[in-house]
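Chemist: coords below, sequence missing:
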DNA sequence: ACATTCACG
DNA sequence: ACGTACGTGAATGTC
């Protein structure tokens, strides 16, 4: 068995990876996607090839590349974008850390190094794999030298392999012929001139006839086409110069002792540290098997089920005055503690003080929770991860202040981490340990895969203890670090006075849930079915065949190919069949109108009628999850099910709201802010005209129309008002003439005029929006009125689209975020007031600018009054906050 | 796992 | 030349 050498074209693969892997960066802002992609390709190669030797060649000067999108565009090559450029030195660092030899030699291109090494190795009897994204290397292919070209196909990478025979099979020329082909046709991207008048087709025909360039010139008179023949003769020098340029050198003065390229231990300590720094979490797994580095933490974890021990521990915690804790229970929903799979508590009250208290023997769930609850009542500072799920245990002995949901003794590291960077997709304890404590801990998945906590405790106690103890430790140790960072970012108050209190409110709302009439919901769904079936038959008949109307692919083919409707391709995968496209066709094509109706009805059926029914629990109620750490702007989100997108805009959809009802002897009180975002804009921009407009208490869109279109208020037409309204919305979204023109179906130019007029009317709004973008570029983030931050990394992008997006986000986030802050304040105040007055009414839902309260009939007047009051005065802005309030026997009637 | 569509604010 | 309005979540089809 001969030895094997793998050669990698460094810049080329890095470039492929850069465009193939979505943008990634570590917490320091260093882009890492190309490195990540490169490593994935590298690891895949190593597994497949198991080579003895490997080396990566780089050009000395960073080369330019053909732009992915426009490979043939005028021969210009895009310079390497900054996001890729900064990754090159780090990539080399990573390779060196893994003991991989890199090659770069002044005066030599990577191609020449690779070609030379490949041929040399072949001569010495090795098998060679040469990996590049560039087809130029195909000229090196032989029986022993395999050229491998990774292609990013969708999510995964596929590799095309070429031995000499494969090159011939695919391209009809030998590897050597490749050079001649290029010499004749040229390659603008590589600055190879080629022979004028000779393109790909002619070049290929000439070679088929004459095989080589030499032979061609020996028989140049036999070339039939006159123009080509003359060009060939006139440009003989150019042809040979091109041949030279196209030839990859296989005899360059490369100095390499194979031993330097021999692979050794890849998973070194240095590499480990680098991977950590780059935050390649799923690549770190490769190191785990190598080094079972026991984190020093595990030795400190004290496990006991002895009552006296446990009592001592709680005493010690009380004495310490603060601790990190973890409630060891798996629960999707926040519930009473008896209903959870509680299996113990973990506590940490010092660097060396970590205890795990499994619920068994005398340590009952109830006892443990009441001890924890006592700590809370005693004013001990408590830090945990995801406090919403800890509340059942934490509150099991009642309240400290019955009517206050704010207490500075509670600290949720999850919420803190979210505030510091709301853009992340998840905030796992291991991420917090890494980012805040620079400590690697084993993840739950690593410790016990998919086992539930209870199963883990039974089957793998050691791992369970490690998980539990570590969790408490992270909560303990990360608290001061996060707290300090919040302080530095000016978000301490936001955290203490808005986020922590609102977590309590959300917990109560989830626990309470909302009553849904199951049978009425069922009946609603049934009523849809007949019409859906009718439409389905009708659509299939009109189309002349049966197909799946729900498949955009099939639908697109039927409409735009079979039936020949106009409406060009819009998506990557085919025709767009989105509603706004179909609506334009509906007038002329009855089938399209039917499809739209079908879409609407099936949506109602599957998402709402059937979808909601699955979430009705035994108490007849739906308990949604309100997520506090999801959105980039500070809004709450709702899942399982989403109760923040229940239909409203169409009458048929809106009827679903009739199945949401209050319990017996209760009714619904519903209040929503009137244009809170525009009012927020008026306040934070300080625009006198806009503030004045709101003080006049008249229809804001009509006022805007009047001012923008220079029309007396009474004479504003409906169209003018509609346009003004669209502009008002557009401003909040981060206006662009394109977006507005789309929305109003007008030209960009007209839209631009509207915007100009708008800014002339409200000049300080423009100043404000410009300043947001300016500040965001300066600081990397924008803030709300209450100090909430939204980082905007897109502003640094070299991509125009991304940057424009960043600018719109910079304009929108302070507005949307401030409105979200105000709503949270209102929720806290409403909750506290309900408790202070010992009322039975309870908050049910929050829908961004709307609150729904399940109201005791006896309290109806009082609740309406306090709800409106607390919402209106949640913030005192330079314009008043107006609230529309309704009551009713169900949600439909209460709006 | 990803894309498309559509429900809400 | 580029190709979008901001913020979400669920269902469905396709790979």
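Modeler: Cool, the structure landed. Computed from a predicted structure; not experimentally measured.
Chemist: how many residues are close by residue A:502?
Modeler: Neighbour count for residue A:502, taken as other C-beta atoms under 10 Å: 24. All C-beta atoms are positioned from the backbone trio N, CA, C, and that covers glycine.
Chemist: show me the contacts for it.
Modeler: A:405, A:628, A:824, A:827-828 (C-beta atoms under 8 Å, 6 or more residues apart in numbering).
Chemist: ok, 6 Å please
Modeler: Contacts for residue A:502 (C-beta atoms under 6 Å, 6 or more residues apart in numbering) come out as A:824, A:828.
Chemist: and it, backbone torsions?
Modeler: For residue A:502, the backbone dihedrals (degrees, to the nearest 10) come out as phi -70, psi -30.
Chemist: kindly report the same for residue A:707.
Modeler: phi -70, psi -50.
Chemist: ok, it to residue A:754 distance?
Modeler: 12 Å (C-beta to C-beta, to the nearest Å).
Chemist: avg pLDDT for the longest helix along chain A?
Modeler: What stands out as the longest helix in chain A, according to DSSP state H, is helix A:800-836. On average, the pLDDT along helix A:800-836 is 96.
Chemist: report the buried residues of that helix.
Modeler: A:804-835 (16 or more other C-beta atoms under 10 Å).
Chemist: buried residues in the helix or strand following that helix?
Modeler: Following helix A:800-836 in sequence order, the next helix or strand is strand A:842-846 (DSSP states H and E). Within strand A:842-846, the residues that count as buried by 16+ other C-beta under 10 Å are A:842-846.
Chemist: could you do stretch A:746-765 as well?
Modeler: Residues of stretch A:746-765 classed as buried by neighbour count (16+ other C-beta under 10 Å): A:746, A:751-752, A:754-755, A:757-759, A:761-762, A:764-765.
Chemist: any chance of the residues you listed in CSV, with distance to residue A:344 too?
Modeler: Converted to CSV, those look like this (distance: C-beta to C-beta, whole Å):
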residue, distance to residue A:344
A:746, 64
A:751, 61
A:752, 63
A:754, 63
A:755, 60
A:757, 65
A:758, 60
A:759, 61
A:761, 63
A:762, 59
A:764, 58
A:765, 56
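Chemist: among the residues you listed, which two are most distant?
Modeler: Spatial extent of those (C-beta to C-beta) is set by the pair A:746 and A:764 at 26.1 Å.
Chemist: element containing the residue nearest to residue A:887 when sequence neighbours are not counted?
Modeler: Spatial nearest neighbour of residue A:887, excluding adjacent residues (C-beta to C-beta, 6 or more residues apart in numbering): residue A:669 at 5.1 Å. Using DSSP H and E, residue A:669 falls within strand A:666-673.
Chemist: okay, now the unreliable bits of the stretch 251-400 of chain A?
Modeler: For the stretch 251-400 of chain A, the stretches flagged by pLDDT under 70 are A:288-295, A:334, A:336-339, A:400.
Chemist: show me where it has its helices.
Modeler: A:258-261, A:269-278, A:281-288, A:307-320, A:365-377, A:391-394 (DSSP state H, counting those that start in this stretch).
Chemist: format those helices as CSV; extra columns: mean neighbour count and distance to DNA strand B.
Modeler: Shown next, in CSV, are these (neighbours: other C-beta atoms under 10 Å; distance: least, C-beta to the nearest atom of the strand, whole Å):
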stretch, mean neighbour count, distance to DNA strand B
helix A:258-261, 14, 34
helix A:269-278, 17, 19
helix A:281-288, 15, 12
helix A:307-320, 16, 40
helix A:365-377, 20, 34
helix A:391-394, 24, 27
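Chemist: need those in a markdown table with distance to DNA strand C, can you?
Modeler: Shown next, in a markdown table, are the helices of the stretch 251-400 of chain A (distance: least, C-beta to the nearest atom of the strand, whole Å):
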| stretch | distance to DNA strand C |
| --- | --- |
| helix A:258-261 | 37 |
| helix A:269-278 | 25 |
| helix A:281-288 | 20 |
| helix A:307-320 | 35 |
| helix A:365-377 | 29 |
| helix A:391-394 | 20 |
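Chemist: could I get those as TSV with distance to residue A:859?
Modeler: Output for the helices of the stretch 251-400 of chain A, formatted as TSV (distance: least, C-beta to C-beta, whole Å):
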stretch	distance to residue A:859
helix A:258-261	80
helix A:269-278	56
helix A:281-288	51
helix A:307-320	39
helix A:365-377	29
helix A:391-394	25
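Chemist: can you tell me which residue of the stretch 1-150 of chain A sits closest to DNA strand B?
Modeler: Here the stretch 1-150 of chain A gets closest to DNA strand B at one residue, residue A:22, 7.8 Å apart by C-beta to the nearest atom of the strand.
Chemist: phi, psi for that residue please.
Modeler: Backbone torsions of residue A:22, given as degrees, to the nearest 10, read phi -60, psi 160.
Chemist: okay, now it: neighbour count?
Modeler: Count around residue A:22 with other C-beta under 10 Å applied: 8.
Chemist: and the pLDDT at it?
Modeler: Predicted confidence (pLDDT) for residue A:22: 76.
Chemist: spatially nearest residue to it (excluding sequence neighbours)?
Modeler: That would be residue A:33: by C-beta to C-beta, 6+ apart, it lies 6.5 Å from residue A:22.
Chemist: and residue A:598, by the same measure?
Modeler: residue A:535 (4.4 Å).
Chemist: residue A:853 and residue A:298, how far apart?
Modeler: 48 Å.
Chemist: neighbour count: the two, which is higher?
Modeler: Comparing residue A:853 with residue A:298 by neighbour count (other C-beta under 10 Å), the higher total belongs to residue A:853, at 29 against 16.
Chemist: confirm that the more buried one sits in a strand.
Modeler: Yes - checked against DSSP: H, G, I helix; E, B strand; the rest coil, residue A:853 lies within a strand.
Chemist: surely it touches residue A:669?
Modeler: Yes - the pair residue A:853 / residue A:669 is scored as a contact, 4.5 Å apart, by C-beta atoms under 6 Å.
Chemist: give the residues shared as contacts by these two.
Modeler: residue A:863.
Chemist: tell me the helices and strands packed up against the helix or strand just after the strand holding residue A:669.
Modeler: Moving toward the C-terminus from strand A:666-673, the next helix or strand (DSSP H and E) is helix A:676-685. Secondary-structure packing of helix A:676-685 (3 or more C-beta pairs under 6 Å, 6 or more residues apart in numbering; DSSP states H and E): helix A:688-695, helix A:763-779, helix A:800-836.
Chemist: just give me how far helix A:676-685 sits from the chain centre.
Modeler: Here the centre of helix A:676-685 is set off from its chain's centre by 28 Å, with C-alpha atoms, centre = their mean, to the nearest Å.
Chemist: can you list the residues of chain A near DNA strand B?
Modeler: A:154-155, A:552, A:556, A:571-573, A:576-580, A:582, A:596, A:599-600, A:603, A:607, A:644-650, A:653-654, A:672, A:816, A:847-850 (C-beta under 7 Å from any atom of the strand).
Chemist: buried among those residues? Make that a PyMOL selection.
Modeler: In PyMOL, a selection of the buried entries from the residues of chain A next to DNA strand B looks like this (16+ other C-beta under 10 Å):
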select buried, chain A and resi 552+556+576+577+582+596+599+600+644+646+647+653+672+816+847+848+849+850
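Chemist: which parts of the host helix or strand of residue A:742 are buried?
Modeler: Using DSSP H and E, residue A:742 sits in helix A:737-744. By neighbour count on 16+ other C-beta under 10 Å, the buried set for helix A:737-744 is A:737, A:739-741, A:744.
Chemist: out of those, who's near DNA strand C?
Modeler: Answer for the buried residues of helix A:737-744 near DNA strand C (C-beta under 7 Å from any atom of the strand): A:739-740.
Chemist: dump the buried residues of helix A:737-744 to CSV, plus pLDDT and distance to residue A:485.
Modeler: Below are those laid out as CSV (pLDDT from 0 to 100; distance: C-beta to C-beta, whole Å):
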residue, pLDDT, distance to residue A:485
A:737, 91, 40
A:739, 91, 36
A:740, 92, 39
A:741, 91, 43
A:744, 90, 44
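Chemist: let me know the closest of the buried residues of helix A:737-744 to residue A:453.
Modeler: For those, the closest approach to residue A:453 (C-beta to C-beta) belongs to residue A:739, at 47.7 Å.
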